[in-house]
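A structural model of the following input is requested.
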Amino acid sequence: MFSLSRKTTYIILAGIMVLAFLLRFHNIGKHGLAGDEKYSLFVSQFVSYEGNNQRNSVRKPDSPYFTPREFWSEKSIHDFFDSIARIDTGNGALYTYSLHYWTQLVGLQDADLRFLSLIFNLLTVLLTYVFVNRHFKSSNLALLASFLAAVSPFNITYSQVARNYALLFFFSLLATHLFLIILEKEKNNKSSLAFYLYYGLSALACELCHISAFPLFLIHGLYVIIYVRKLRVWVGLALAMLIPAMGVIAWLKSDGGRWLIEYVENSVKSYNIMARTAPDDYLSVATLPNIFKQLRFVVSSAFITSEGLYIHLSGLKNTIIALVSVLAGLSCFRWLPSDKLKVAGICGLLTLDFFLYSTARLHFMVLTLNIVLLFILLGTLLQKSKAANHSLLVFLSMLTLLPFVFLILFSIQDGNTFRIMPRYIGYMYAFGIVLTALLIRQILLLESSVKYALALLLGVQLVLVCGIVVNIWEDKAPRYFMHFAEPRKENPYKLAADKIVNLYAKGDTVVYCSFLDNSTPGGKDLPPFSVVDAQLTNFYLPKNSEIIQRVNPKEQNRIFIKKPDGRQILITDLEKSRY
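Numbers count the residues shown, from 1 in each chain. A predicted model of the protein is given here:
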């Protein structure tokens, strides 16, 4: 392949970074906070969900009235512990604590909250270039991998989510990068003491972003067992892993993390009840058919060449056509005597397939591309079994494929399929990007003109990916994180707060609804009424204002201003916008 000058490489990389930023920034604050994002907001402001640490405001024992000034009373580290233990299971402490200081700098608007994720995902795109360029010695391959990371719908989604995942994905790639640097330096008998420290700290950062990332380091350990024969490396890595081990133990003993294990055990019981009584596409009893049915969705979204396929691929007939066409195409490539005949045979098959598929024609053609890529991977592993970089290719395959095994094991252990979700193995996505870039390079290096037909299918998938990105912007994307039947509207609590500021007059009282969601089993010592809607609105009210407010336990959905003469001015109705 042709080589680029360093200047040209950096110009292209800069263009990729600009593209990545624009794709992630567009509409980043358009849709209101949903689900777990709200928990990030609460914990980052050291405010307990339902007001356990707000006995001087929304949970006054002797008065129903409170003000924004009281709501925003000074909080301490103990309030952080209380807030994260009660609603975020004690998980993701590094992210929410970092978000606390981030919001002090930039504010609490939805885009502000999500921008921290955007920054770390941009850093992941850049680190993808560094990772590939350093370990695979190819700037061209590094540019391809960083481009794939830039346009990835999976990455774009998590760049627009105010949760710990983008931070986790970055530190997962960084820890693996440092791990390979250590092995490289030790192989060349160079000092690597500092890198052992950096590696241990990166591993700790991963676990404090999400404790379920530990399989990544089991894969690191498995690679060492298979390929490393240097006692110094074993000892050094073992000592480095004491950092995350001691850090996690310290966190689990703190007031913020001490309930994590108990919470997980209780949530497993709750999900098992829901799986038996109200199963759906994302939660069912962990039988092998249910596991593999849900795993299709996760596998599809885990590789950019297959993203979006699981929605459209259906029907035994179409699947058989896809499999048979791949086998026929490989036979053409292997046995036809001339390149022209190979190209004609494969193009003929693609044309025939297009007319034979009864639905989702382009998507099924892209499925055949993915099967071909799998054959290319197997062929490459066999051909390069004695090559110098064979172990690196095996390691990359382990990092990409073994997380799915862990998902299956977790599901069987839990008894339900809840954890078979893309975000729980998102730490492997960057490695899937790199592996995909390697396989695409193998296609481009083919001496046969068949590569142009395969490149055409890659182009088709790129167009389909662009469609998914547009759906992400419009909040119509597949369920990478959350999915809604209708696109979310702008944050209703921010709109309500703005309206309150404009309409409130001295003597008025803002009255909040109280919606207590008892649909999920579990929990104890639940409050008699909810103050969450009041809390979420107060996040956007002026911090020093003296607006008089109270919660009406009998009101389900409306927020209104009550005038001294008894008149009511409706602020908003939250019935369909709580998300």
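
Moving C-terminal from the helix or strand containing residue 377, which element do we reach first?
Per DSSP states H and E, residue 377 falls inside helix 361-383. Sequence order places helix 390-414 as the next helix or strand after helix 361-383, per DSSP H and E.

Now do that following helix: everything it contacts.
The contact list for helix 390-414 (Cβ atoms under 8 Å, 6 or more residues apart in numbering) reads 135-136, 176, 180, 215-216, 219, 222-223, 226-227, 268, 271-272, 286, 291, 295, 298-299, 302, 377, 380-381, 384, 417-420, 424-425, 427-428, 431-432, 434-435, 438. For every residue, glycine as well, the C-beta is placed using N, CA and C.

ok, 6 Å please
215, 219, 223, 227, 268, 286, 291, 384, 417, 419-420, 425, 428, 431-432, 435 (Cβ atoms under 6 Å, 6 or more residues apart in numbering).

And it, what's buried?
For helix 390-414, the neighbour count (16 or more other Cβ atoms under 10 Å) marks 390, 392-404, 406-408, 410-411, 414 as buried.

Then stretch 529-548?
530-541, 545, 547-548.

do the same with stretch 24-33
24, 25, 28, 29, 30, 31, 32, 33.

residues touching the last one, list them.
Right, residue 33. residue 110.

Just give the number of residues close to residue 11.
12 (other Cβ atoms under 10 Å).

quick check: angle from the helix holding residue 377 to helix 390-414?
120 degrees (axes from the mean of the first three to the mean of the last three Cα atoms, to 10 degrees).

low-scoring pLDDT stretches of the protein, where are they?
Scanning the chain for pLDDT under 70 picks out 1, 384-388, 517-525.

Please parse it into its domains.
1-30+89-163, 293-419+431-473, 492-573 (automatic domain parsing).

what's the closest of these to residue 260?
With distances scored as Cβ to Cβ, the stretch of the domains of the chain nearest to residue 260 is domain 1-30+89-163 (3.7 Å).

Residue 297 is in contact with residue 310, isn't it?
Yes - with contact defined as Cβ atoms under 6 Å, residue 297 counts as touching residue 310 (4.7 Å).

Identify the contacts common to those two.
With Cβ under 6 Å, 6+ apart, residue 297 and residue 310 have no common neighbours.

In three-state terms, label the residue lying farthest from the centre of the chain for me.
The C-alpha centroid of the chain is most remote from residue 565, which lies 50.6 Å away (Cα atoms, centre = their mean). Secondary structure state of residue 565, per DSSP: H, G, I helix; E, B strand; the rest coil, is coil.

swap in the one 5 residues further on?
Of the three states, residue 570 takes strand according to three-state DSSP.

same question, the one 5 residues further on
Look at residue 575: counting by three-state DSSP, its state is coil.

The closest residue to it other than its chain neighbours - how many residues pack around it?
Nearest non-adjacent residue to residue 575, counting by Cβ to Cβ, 6 or more residues apart in numbering: residue 557, 4.2 Å away. Using other Cβ under 10 Å, residue 557 is surrounded by 15 other residues.

For residue 557, give its distance to residue 263.
Distance of residue 557 to residue 263, given as Cβ to Cβ, to the nearest Å: 29 Å.

How about residue 540?
29 Å.

what do you get for residue 456?
Where residue 263 is concerned, residue 456 sits at a distance of 50 Å (Cβ to Cβ).

Repeat that for residue 462.
Residue 462 is 42 Å from residue 263, by Cβ to Cβ.

Name the residue in these two with the higher neighbour count.
residue 263 (18 against 13).

Could you say which helix or strand holds residue 94?
Short version, using DSSP H and E: residue 94 is in helix 93-106.

tell me the contacts of residue 492?
Neighbours of residue 492 in contact, by Cβ under 6 Å, 6+ apart: 572, 574, 577.

can you give me the strands in the protein?
For the chain, the strands defined by DSSP state E occupy 509-512, 549-551, 558-562, 568-573.

And these: which comes nearest residue 526?
Judging these by Cβ to Cβ, what sits closest to residue 526 is strand 549-551, at 15.3 Å.

before we move on, the earlier item: buried ones in the helix holding residue 377?
361, 363-373, 376-377, 380.

any chance of the strands of the chain in CSV, plus mean neighbour count and distance to residue 94?
CSV is the format used below for these (neighbours: other Cβ atoms under 10 Å; distance: least, Cβ to Cβ, whole Å):
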stretch, mean neighbour count, distance to residue 94
strand 509-512, 22, 33
strand 549-551, 22, 33
strand 558-562, 20, 34
strand 568-573, 15, 34
